[in-house]
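Enquirer: Provided below are the primary sequence and the corresponding predicted coordinates.
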Amino acid sequence: MASYDLIVIGGGPAGYVGAIRAAQLGKKVACVEKERAGGTCLNWGCIPTKALLKNAELYHTLKHHGDDFGLSFDNLSYDWEKVVKRSRNVSDKLAGGIEFLFKKNKVDYIRGVGGLAANGKVEVIDADGKSELLTTENVLVATGCVSRELPFLPFDGEKVIGSREAMNLPKQPKSITIIGAGAIGIEFAYFFNAYGTEVTVVEMLDHVLPIEDNDVSDTLKKSLTKQGIKVLTGTKTTSADTSGESVKLTVEPAEGGDSQVIESETVLVAIGIAPVLPNNSEQIKLERGFIDTDERYQTSVPNVYAAGDITGPPWLAHTGSYEAVQAVEGLFVPGHEPKQVGTFPACTYCHPEVASVGLTEQACKEQGLDYTVGKFPFAASGRALAVADSEGFVKMIFDKKYGEILGAHMIGGGATELIAEVALAMNLEATAEEIEATIHAHPTLAEAVHEATGDAYGHAIHI
């Protein structure tokens, strides 16, 4: 029977990162993954969707804006099968890279379903149903989540799908209704619309991307509508009829009112995620269905730890990786006090892109903070105009008295790359004065951060 210092159950962004970090610290480690290294994020989430979205952006640009660049095309077309295949190839390449990193760091990579067993053991059930017991001093649970279903609209993999099926459809749907306007719903709305699918988005709350700043959400809704996407906010889905060749959804205003029926070939349910608990985890304390952990990421069971999506929000790959490293270093680095997730960036990869960090303006108001806001439109950015991508803005929020950065909110091309500057600045406790004192290269999109900061204090030059 194999024995380890740490067994990680789950090979996604929390699991594989935690396993590799523990191995770097000289520990004997195994990572148990039921499908393939990289987990949902790398194989069925973050990575393949970004490959699909790049394809969509390129096709949309060539079709609708080629003339702006002096380019013309005869019979511009696409091959749906190749579009999907490219995204799968990207995922396969990166999954292979994780497997290489396991070998490099001497992590035992075990394919199977991992579960807890008594007396410091982990049970692994392989694809053939064969069970094996492994002995370990510690366990890190990083089993992640799956798409959540509506009770009256279960997935069938064809007409009613989750995000996993959406990125691997053998045939492009002529029409699709997307329930949920969070990051997943909006990204797929952009993707399908770019290729000509008739797209309707239904969101129960008043804004698309409800957790984002209202200015950003409102601007995005206008942009998506202009692109041809029908967006119904403040609207809830009450029932569904899947008996025919299409799906008929009955929706009505969230605050009450007349209902209407939306008919489409396919429905994508993107209303959130549900936890995937490991086998035999009944003794672990849960909080709203997710694993509850203490300040050292330990569960209610001694020597069993948890990190990533399985522990609850924020459900982001990068925060899961951070948590796993903190948990592992708390275990194996003498004197290390694990940190909890604090300030973190969030990104949505539609077009225009959306990115944020810190407090929204509405949160600042709710907390009664004395703040000031600066905005800079990409329409005034030389770089944005040069690359013909000038939609959107950067919005910076500062504490009025001391210039502390309270939040940053961006919508536009490159926003998901720009947000790292502000996240780093917040982590280093930089102030508005220090951002303004930092020379930003010209011409770059990053100048928008500098200008928005200046605008908050009446110093902006280019607006």
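Expert: Perfect, thanks for sending it. Note that the structure is predicted; figures quoted are calculated from it, not measured.
Enquirer: mind listing what L286 touches?
Expert: Remark: with contacts taken as CB atoms under 8 Å, 6 or more residues apart in numbering, L286 is in contact with D292. (C-beta placed from N, C-alpha, C; glycine too.)
Enquirer: State the three-state secondary structure for G185.
Expert: Per DSSP: H, G, I helix; E, B strand; the rest coil, the secondary structure class of G185 is helix.
Enquirer: I figured it was touching G272, is that so?
Expert: No: in this structure G185 lies outside contact range of G272 using CB atoms under 8 Å: 10.1 Å.
Enquirer: Of those two, give the one with the bigger neighbour count.
Expert: When G185 and G272 are compared for neighbours, G185 comes out ahead with 25 against 13, by other CB atoms under 10 Å.
Enquirer: Please identify the buried residues of the strand or helix carrying F102?
Expert: Assessed by DSSP states H and E, F102 sits inside helix 80-104. In terms of neighbour count (16 or more other CB atoms under 10 Å), helix 80-104 has its buried residues at 83-84, 86-88, 90-91, 94-95, 98-99, 101-102.
Enquirer: which of those residues lies closest to E35?
Expert: E35 lies nearest to A95 out of the buried residues of helix 80-104, by CB to CB, at 9.3 Å.
Enquirer: where's that closest one relative to P13, distance?
Expert: As for A95, its distance to P13 is 12 Å (criterion: CB to CB, to the nearest Å).
Enquirer: How about A22?
Expert: Distance, A22 to P13, using CB to CB: 15 Å.
Enquirer: How about E158?
Expert: Shown here: E158 relative to P13, a distance of 29 Å by CB to CB.
Enquirer: just to revisit the earlier point, counting contacts, what elements does the following helix or strand past the helix holding F102 pack onto?
Expert: The C-terminal neighbour of helix 80-104 among helices and strands, as given by DSSP H and E, is strand 108-111. Here strand 108-111 touches strand 29-33, helix 80-104, going by 3 or more CB pairs under 8 Å, 6 or more residues apart in numbering; DSSP states H and E.
Enquirer: Could you list every helix and strand that the helix or strand that strand 108-111 is followed by packs against?
Expert: Helices and strands here follow DSSP H and E; after strand 108-111, the next one along the chain is strand 113-117. Contact here means 3+ CB pairs under 8 Å, 6+ apart; on that basis strand 113-117 packs against strand 3-9, strand 121-125.
Enquirer: Apply 6 Å and report the result again.
Expert: Secondary-structure packing of strand 113-117 (3 or more CB pairs under 6 Å, 6 or more residues apart in numbering; DSSP states H and E): strand 121-125.
Enquirer: what's the angle between the strand it packs on and strand 3-9?
Expert: Orientation note: strand 121-125 sits at an angle of 60 degrees relative to strand 3-9 (axes from the mean of the first three to the mean of the last three CA atoms, to 10 degrees).
Enquirer: Report the distance from strand 121-125 to the chain centre.
Expert: 30 Å (CA atoms, centre = their mean, to the nearest Å).
Enquirer: Could you list the paired strands of it along with their orientation?
Expert: In its sheet, strand 121-125 lies beside strand 113-117 (antiparallel), strand 131-141 (antiparallel), with partners assigned from DSSP bridges.
Enquirer: Just send the ones you listed back as TSV, with mean pLDDT and mean neighbour count too.
Expert: Conversion of the strands paired with strand 121-125 to TSV gives the following (pLDDT from 0 to 100; neighbours: other CB atoms under 10 Å):
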stretch	mean pLDDT	mean neighbour count
strand 113-117	96	22
strand 131-141	96	20
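Enquirer: Just send those back as TSV, with distance to V304 too.
Expert: Written out in TSV, the entries for the strands paired with strand 121-125 read as follows (distance: least, CB to CB, whole Å):
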stretch	distance to V304
strand 113-117	7
strand 131-141	5
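Enquirer: Can you say which of those strands is nearest to L331?
Expert: Comparison of these against L331 by CB to CB identifies strand 131-141 as nearest, at 6.0 Å.
Enquirer: The next helix or strand after that closest one: partners in the sheet, and parallel or antiparallel?
Expert: Scanning forward in sequence from strand 131-141 by DSSP H and E, the next helix or strand is strand 145-147. Paired strands of strand 145-147, with direction, are strand 273-275 (antiparallel) (DSSP bridges).
Enquirer: Many thanks, have a good one.
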